[in-house]
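Asker: based on what follows, work out the 3D shape:
(2 chains, ligands or ions: 1)
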Amino acid sequence: MNCRDVEPLLMPYVDGELVDGERVQVEQHLTVCPPCARHADVARHNRTLVRTLAKQGSPAAPQALRDRVLNTVRATEQHRRQRQVLRLSAAAAGVALCAVVGHGQWRSFQRRLYAEDAVRRHARQFPLEVRIPQPEALEAWFDGKLGHRVAVPRFPNAVAEGARVLNVREKQAAYIRYDAPAGASVRPRQVGLFVFGDTGNDVDVGARGDADLRNSNGYNVVSWRDGDLVYQLVTDLDEDDIRSLLPPEPRPRRGELPSQVQPRPPLEVQPAAFRP
Amino acid sequence: MLGFSKSDKARAEFEALVAPWLDALYAGALRLTRNERDAEDLVQDTVMRAYRFFDKFERGTNFRAWLFKILTNTFINGYRRQVKERSLGDESERQSVEAQFFSADTTAQTQNPEEYLLHRVMSEDVLAAIDALPIDFRLVVILADLQEFSYKEIADILDVPVGTVMSRLFRGRRQLEKVLRDRERGALQQPLVDLNAYRERKKLG
Ligand SMILES: [Zn+2]
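Answerer: Residues are numbered from 1 along each chain as shown, chains lettered A, B, ... in the order given. The predicted model follows:
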C-alpha cells in the first residue's frame, strides 16, 4: 500500500472500522511512513478531544422530562388497555366494534373508566407527598398545583392522613387519603378521595350526579359532582361503613309520607370549605 | 375486569429498556433541534413512538440504535421542517459528494495536513461548532462522535450506504475541526465564527 491507498483508510482505521486485512496493511504502512503516521495521530487526537468535550458539555435529561415521558407511557398504556377491553366485549357480543359502540356509548364507557382507574391508583398505595390532617392546610397545599381549585370535604368520621397529586387517566387529580374507623371489620380501612376538575363532563357520576355508588374490582366507588369539581371516593369499606363515615341522614320531616319504593338514599357530604 | 398483568409486564420491560438512554436521547435531540424546548418535545415524541411500535422491536437486537432511528426519523419528518435547515438535498448532490470523497477530499487532505486541536478548546465551542454543521453532516457527527455508533449502525439508522456515512463523517469532522482551529488561532475572546460568514469569507478569499 502506498500513501494514496492509505489516505482514505485513515479515518476508518482510527474509528476502528477496518477489517483485519486492511487494518494490518494500514498499520504496516504507518510504521514506515511518518507523514501518514502523523495524520493518523492527529485524527485520533482530535477525535478523542471532540468526543470528550461534546459529551462533557451535554446536560443530562431534566428530571421533569424523565417524569413526563414515563408518565405519558403509563397513560398510553391505560388507553391501550381500555381499547382492548372494549374490543373484547365487542367480540363477545359477536358484532363489529363500530356497530356496537355508538358515540354516546363510547363516551359513557369512557366516563365510567375514571372509577376503574381511580381504584387502580388507590390500590397501588402511592406514597403521599404531604402528611397533614387539616382540610384547610391540604387545600392550601394543593393551591396552584392543579389547573383547578381543590375543595377538601370534611368527613366527620374520618381523618385525613395526607395527600398527593395523582393522574387518573389523562386527568391530574388531587388525591387525599383518609383513615376510616374500623367499623364492623377489625382492621382500620383506608379511603382514597380523588378531586378532579371536570368542566367537560368527562367523568361519570351517575344519572343523578349527587352520589353514585358502584363496585369496581372489589372496591366501592362513590362519585359525585360539585360544580366543576368531581369527587370520587374509593374504599374497600362496604356500603354501610361508607354511610357511617358520612354524616347521618336527615330524618324525614313529620307529616311527609314515606315513599313507597325506597330510593337509594343519597350519600351526602358536608359542603367543602373553599379558600378563594 | 382489569386484566393488566401482561401489558404491565411489557410496559415495565419498555421502561427498563428506555430509561438508561434518556440522557443520550436528550443530548442528541439538543444538537438536532438546538434548543431545549424542542429537544424535550422531540425526546417525548420519540419515546411515545417507540412505545407504540414496541411490539415491532425485535427482542435481543440493538435497542439503542432502534431508538435513535426513531429519534432521527421523528426529527427529519417533523422538526426539521419547522427549523429551516440547509441540507445536501437531492440524490445527485449526495452521489457527487460521495464521488468526491475518494478524490478531491483526499487530495485536499494531503495538501493541507491536519493539525492537532489544542486543549484550550472548550465544550461550548465544540457543541456550537457541531450545531453550525449542515444537517446531513451534523446527524452523522452526532451519531458517530456524541453517541459512538459504528458506521454500520449509522447507515442503518439513516438508511444510507456505509460509504455515504463515511463521506459525510469525513467532511463533517473536517469542517468542525476547521471551525475549532480558527477559533483557537485568533478569536479566542470573540464569539465563535458564524459558519455562514465563514463560508462567505472562504468564497471571497
Ligand atoms: Zn504514507
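Asker: would you state the helices of the chain in chain order?
Answerer: Because you didn't say which chain, this covers chain A. A:3-14, A:20-32, A:34-56, A:63-93, A:97-100, A:103-123, A:135-142, A:239-245 (DSSP state H).
Asker: sorry, I should have been clearer: chain B.
Answerer: Listed in chain order, the helices of chain B (DSSP H) span B:5-18, B:22-33, B:36-52, B:63-74, B:80-82, B:91-100, B:106-111, B:123-131, B:135-141, B:151-158, B:162-185, B:195-204.
Asker: restricting to C-alpha, output the longest one in CSV.
Answerer: What follows is helix B:162-185, C-alpha atoms only, in CSV (Å, rounded to 0.1, in the frame of the first residue of the first chain):
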residue,chain,number,x,y,z
VAL,B,162,-21.9,3.0,4.7
GLY,B,163,-19.9,4.9,2.0
THR,B,164,-22.3,7.9,2.5
VAL,B,165,-21.8,7.7,6.2
MET,B,166,-18.0,7.8,5.8
SER,B,167,-18.0,10.7,3.4
ARG,B,168,-20.4,12.8,5.5
LEU,B,169,-18.5,12.0,8.7
PHE,B,170,-15.2,12.8,7.0
ARG,B,171,-16.4,16.2,5.7
GLY,B,172,-18.4,17.0,8.8
ARG,B,173,-15.4,16.4,11.1
ARG,B,174,-13.1,18.3,8.8
GLN,B,175,-15.5,21.3,8.8
LEU,B,176,-15.8,21.0,12.6
GLU,B,177,-12.1,20.9,13.1
LYS,B,178,-11.6,23.9,10.8
VAL,B,179,-14.0,26.0,12.8
LEU,B,180,-12.4,25.0,16.1
ARG,B,181,-8.9,25.7,14.8
ASP,B,182,-9.9,29.1,13.5
ARG,B,183,-11.3,29.8,17.0
GLU,B,184,-8.1,28.6,18.6
ARG,B,185,-6.0,30.8,16.3
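Asker: please name the nearest non-neighbouring residue to whichever residue of chain B sits closest to chain A.
Answerer: Here chain B gets closest to chain A at one residue, residue B:123, 3.0 Å apart by CB to the nearest CB. C-betas here are computed from N, CA, C, even on glycine. Closest residue to residue B:123 apart from its sequence neighbours, by CB to CB, 6 or more residues apart in numbering or on different chains: residue A:57 at 3.0 Å.
Asker: same check on residue B:144?
Answerer: Residue nearest to residue B:144 in three dimensions, not counting chain neighbours: residue B:169, with 5.3 Å by CB to CB, 6+ apart.
Asker: what number of residues lie near the one you found?
Answerer: Residue B:169: 23 surrounding residues under other CB atoms under 10 Å in any protein chain shown.
Asker: isn't the residue of chain B closest to chain A up against residue A:54?
Answerer: Yes: using CB atoms under 8 Å, residue B:123 is in contact with residue A:54, at 7.2 Å.
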